[in-house]
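# Here is a sequence with its predicted model. Questions after.
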Amino acid sequence: MEKPNRNDREDQIVFEPLVDSRAAAAAIGIHYKTLERLARKRLVPATKLGRSWQFRLSILSDWFNGKLTSNVETNSQANEKKEKPP
């Protein structure tokens, strides 16, 4: 029986690369200093390596989309309250 080659393994773990705050901020359309401030306050998923903040774009995208969804839900609830007669 032939041993499988380590390079042919389909179950290898592939890690998504980290990006810096400038690239991450550009991906979601905000200024990088704003993103760094949110990271310092732990309001956005990030990790600090040395002096720079690092982000995974997939996690950041999920976080950002969740914020957009929650804003839509909050605004629609506020509008419903305004429309109800007293």
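Great, that's in hand.
# can you pull out the helices in the protein?
With DSSP state H, the ranges of helices along the chain come out as 21-28, 32-40, 57-83.
# got JSON lines for these, with mean neighbour count too?
Where you see a C-beta, it was placed from the backbone N, CA and C, and this is true even at glycine. Putting the helices of the chain into JSON lines (neighbours: other CB atoms under 10 Å) gives the following:
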{"stretch": "helix 21-28", "mean neighbour count": "18"}
{"stretch": "helix 32-40", "mean neighbour count": "16"}
{"stretch": "helix 57-83", "mean neighbour count": "11"}
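# how about these in a markdown table, adding distance to F15 and mean pLDDT?
Shown next, in a markdown table, are the helices of the chain (distance: least, CB to CB, whole Å; pLDDT from 0 to 100):
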| stretch | distance to F15 | mean pLDDT |
| --- | --- | --- |
| helix 21-28 | 16 | 96 |
| helix 32-40 | 20 | 96 |
| helix 57-83 | 11 | 78 |
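# how about these in JSON lines, adding distance to V14?
Shown next, in JSON lines, are the helices of the chain (distance: least, CB to CB, whole Å):
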{"stretch": "helix 21-28", "distance to V14": "19"}
{"stretch": "helix 32-40", "distance to V14": "25"}
{"stretch": "helix 57-83", "distance to V14": "12"}
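# wait, which of these is closest to T47?
helix 32-40 (8.6 Å; CB to CB).
# Can I get that closest one in PDB? Just the C-alpha atoms.
Output of helix 32-40 as PDB, limited to C-alpha atoms (Å, rounded to 0.1, in the frame of the first residue of the first chain):
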ATOM      1  CA  TYR A  32      -7.900  53.600   9.600                       C
ATOM      2  CA  LYS A  33      -7.600  55.800  12.700                       C
ATOM      3  CA  THR A  34     -11.300  55.300  13.400                       C
ATOM      4  CA  LEU A  35     -10.800  51.500  13.100                       C
ATOM      5  CA  GLU A  36      -7.800  51.600  15.400                       C
ATOM      6  CA  ARG A  37      -9.800  53.600  18.000                       C
ATOM      7  CA  LEU A  38     -12.600  51.000  17.800                       C
ATOM      8  CA  ALA A  39     -10.000  48.200  18.300                       C
ATOM      9  CA  ARG A  40      -8.500  49.900  21.300                       C
END
